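> Next input, structure requested:
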Amino acid sequence: MLHTRRLTALAAVTVLALSACSGTSDDAGADASTATSPAADGTFPTTVETTFGDVTITSKPERVVALGWGDAETALELGTQPVGASDWLGFGGDGVGPWAEGAYDQAPEIIETLEPSFEQIAALKPDLILDVKSSGDQARFDRLSQIAPTVGVPVGGESYLATTEQQTTMIAQALGVPERGKELLAEVDAAFADAAAAHPEWKGKTVTVATRTSEGWGAYIDGDTRLGFLENLGFVQSPTIAALPTADSGFSVSISDEQLDLLDADLVVAFPIFIESSQITDDPQWQAIPAVADSRAVVIDGDLSQAYSTGTPGARLFALKQLVPLLENALG
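Alright, predicted model coming up:
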């Protein structure tokens with residue numbers, strides 16, 4: 001039943017996967033610069049700006065509960081082991097992806113995602129709660145704040161739209177390690193820059209990032225972290241996708257089964273959400289897309305798809321290492 005609830009929670013969020021996933025780190029630069037007040041490593045009190053107002057942490061947190069999508073992995077990358085965490089992607093065990101495997105000395109208590117038990121959280125006696133990449137629900141924030149200082153979503157980050165840079169910068173500030181946060185982001189930027197420099201032929205090529213769920217097809221547009229991942233490698237958004245009406249989310253477009261040719265571009269990257277990848281690859285209309293027929297398409301799933309979607313520094317590096325060879329094969 002617990003596993004079912006996690007899948008239900010993830011399903012609710014990944015229906016937002018066509019709608020509500022974080023923007024690119026490049027786009028987030030200006031936002032992240034105003035998300036926190038300047039502080040040196042280990043300096044407290046420190047203040048983090050959120051959409052709910054400023055949150056002040058008076059001393060170094062010792063017992064952290066990480067509830068947002070990827071918040072626990074980000075904290076681990078910054079050197080803090082949460083005592084409680086939510087497992088958004090149903091990894092099991094410590095609740096983190098393979099890019100953070102082995103980072104815990106002691107497994108955290110797993111907290112439900114969309115409907116966390118506030119009593120369970122309070123019993124952990126946290127001195128800081130992280131809910132950065134989250135819904136931005138006011139009632140949720142208010143209840144958590146009654147338990148401990150809570151760093152909620154950034155301004156404009158409602159509906160799981162906190163960017164990689166915002167999430168990393170805000171959590172690093174809250175934990176008293178802002179310089180470490182900058183180092184992580186710089187490492188990611190350098191890795192992408194190196195990959196792009198090694199493939200100058202990718203610059204300016206059009207790309208479509210598509211997904212299929214049990215409810216249909218869609219494609220991500222500028223502002224989403226998945227498209228931003230490829231834009232950081234030199235690709236540009238397919239003008240065909242850019243010209244389509246934007247969904248209510250503001251970060252995706254819907255594609256009907258009869259219009260899959262709209263997905264065509266120099267490169268197509270696709271992944272399934274809660275369906276088998278064969279429901280993409282075996283679809284005759286998918287196979288008829290010129291880029292697919294010409295082997296210029298990549299379908300990802302499993303750990304790679306999850307890392308590609310999660311967007312923490314460690315996840316992005318993990319996905320970059322695995323995805324670049326697939327792109328090389330697809331584009332010759």
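> Using CSV, write out the CA atom coordinates for the host helix or strand of Arg140.
Secondary structure from DSSP states H and E places Arg140 in helix 138-147. Extracted in CSV, the C-alpha atoms of helix 138-147 (Å, rounded to 0.1, in the frame of the first residue of the first chain):
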residue,chain,number,x,y,z
GLN,A,138,0.1,27.7,1.6
ALA,A,139,-1.7,25.4,4.1
ARG,A,140,1.1,22.8,3.8
PHE,A,141,3.8,25.5,4.4
ASP,A,142,1.9,26.9,7.4
ARG,A,143,1.5,23.5,9.0
LEU,A,144,5.2,22.7,8.5
SER,A,145,6.3,26.0,9.9
GLN,A,146,4.5,25.2,13.1
ILE,A,147,6.9,22.3,13.5
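> buried set for it?
Neighbour-count burial for helix 138-147 flags 140-141, 144, 147 (criterion: 16 or more other C-beta atoms under 10 Å). C-betas here are computed from N, CA, C, even on glycine.
> got the contact list for the helix or strand following that helix?
Next helix or strand after helix 138-147 toward the C-terminus (DSSP H and E): strand 150-151. Contact partners of strand 150-151, identified using C-beta atoms under 8 Å, 6 or more residues apart in numbering, comprise 48, 50, 55, 57, 128-132, 141, 144, 170-171, 174.
> Next SSE downstream of strand 150-151?
helix 164-175.
> Please name every helix or strand in contact with the biggest helix by length in the chain.
Of all segments of type helix in the chain, defined using DSSP state H, the longest is helix 178-198. Where contact means 3 or more C-beta pairs under 8 Å, 6 or more residues apart in numbering; DSSP states H and E, helix 178-198 is packed against helix 25-33, helix 164-175, helix 313-331.
> again, only using 10 Å
helix 25-33, helix 71-77, helix 164-175, helix 225-231, helix 313-331 (3 or more C-beta pairs under 10 Å, 6 or more residues apart in numbering; DSSP states H and E).
> counting contacts, what elements does the longest one pack onto?
Helix 313-331 makes packing contacts with helix 71-77, helix 164-175, helix 178-198, helix 225-231, strand 267-272, strand 297-299, helix 302-310 when contacts are defined by 3+ C-beta pairs under 10 Å, 6+ apart.
> ok so, going back, show me which positions of the longest helix of the chain end up buried.
178, 180-181, 184-185, 188-189, 191-192, 195-196.
> Please state the mean pLDDT value computed over it.
The average pLDDT for helix 178-198 rounds to 98.
> What pairs with the helix or strand just after it, parallel or antiparallel?
Sequence order places strand 206-213 as the next helix or strand after helix 178-198, per DSSP H and E. Strand pairing for strand 206-213, using DSSP bridges, gives strand 216-220 (antiparallel), strand 236-237 (parallel), strand 267-272 (parallel).
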